[in-house]
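J.: Requesting a structural model of the entry that follows:
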Amino acid sequence: MDSEEFAKLLMAEDRKRWQNSEEIVNQIKVPIGSSAVDLGCGPGFFTIPLSRKLGKSGRIYAVDSDPVMLHHLTVNFGNRPEGEDRAAVVIMEADVCHSEIPDRSANLVFFANILHDVADAKSFFSEVKRILKANGQIVDIDWQKLETNGLGPLLERRLSETQSRNIIKDNGFKVLYALNSGPYHYGLVCFREEEEI
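T.: Reported below is the predicted structural model:
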């Protein structure tokens, strides 16, 4: 499947039936007017509801290495209802481990369905720490390690929730609470290990 087809599949109405991005984002405790980063944003499945959650005084950096995905994000973001309150979106074509997002600029770093594909977790979380504000939070959404009727990556590529929790802990974060992320995914909200909430 090429990037064009994949971008359309990621925004399909069918996906919204088994993974409701609005409901997932609404469980995240982040104030209106905050700044966020969506690493590996794709065509905007989570970027768009995050922009609504942050409101018009907020900002979201949408980062992806695929220009086709970013083109679809631009189109999808432009197709939102007129007058809708939403954060400004800064679109960046970059590797999720090496962006040009300013240091300590995000209250929230969000990443969905990418941790299982990250080749170097240490570099990835180093970038996350660089762009995260003090007392900021991260959210990891990923596929459960179970059969999902042909949806998602191959089973052997997936990380179980326990594996993800261990990777997150090994890289200096602690899981504060879990999100209800639908039947096929888990969601983890995390803070830096040394910070008290």
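J.: and the helix or strand harbouring E23, how far out from the chain's middle?
T.: E23 belongs to helix 21-26 when elements are defined using DSSP states H and E. Put simply, helix 21-26 sits 11 Å off its chain's centre (CA atoms, centre = their mean, to the nearest Å).
J.: got the CA positions of the next helix or strand along the chain from that helix in PDB?
T.: Sequence order places strand 35-39 as the next helix or strand after helix 21-26, per DSSP H and E. C-alpha atoms of strand 35-39 as PDB (Å, rounded to 0.1, in the frame of the first residue of the first chain):
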ATOM      1  CA  SER A  35       1.300  23.500  23.500                       C
ATOM      2  CA  ALA A  36       1.600  20.000  22.300                       C
ATOM      3  CA  VAL A  37       3.600  17.800  19.900                       C
ATOM      4  CA  ASP A  38       2.200  15.000  17.800                       C
ATOM      5  CA  LEU A  39       5.200  12.800  16.800                       C
END
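J.: Partner strands of strand 35-39, with direction?
T.: strand 59-64 (parallel), strand 106-112 (parallel) (DSSP bridges).
J.: That strand: what's the following helix or strand?
T.: helix 47-54.
J.: List of residues touching that next one?
T.: Applying CB atoms under 8 Å, 6 or more residues apart in numbering, the contact partners of helix 47-54 are 21-22, 24-26, 28, 30, 32-36, 38, 41, 58, 60, 62, 73, 76-77, 80, 84-87, 89, 108, 110. In this view, the C-beta of every residue, glycine as well, is placed from N, C-alpha and C.
J.: mind running it again at 6 Å?
T.: Contact with helix 47-54 is made by S21, E22, V25, S34, A36, D38, C41, I60, A62, R86, A87, V89, as judged by CB atoms under 6 Å, 6 or more residues apart in numbering.
J.: Now the buried members of those.
T.: Buried members of the contacts of helix 47-54, counted by 16 or more other CB atoms under 10 Å: S21, V25, S34, A36, D38, C41, I60, A62, R86, A87, V89.
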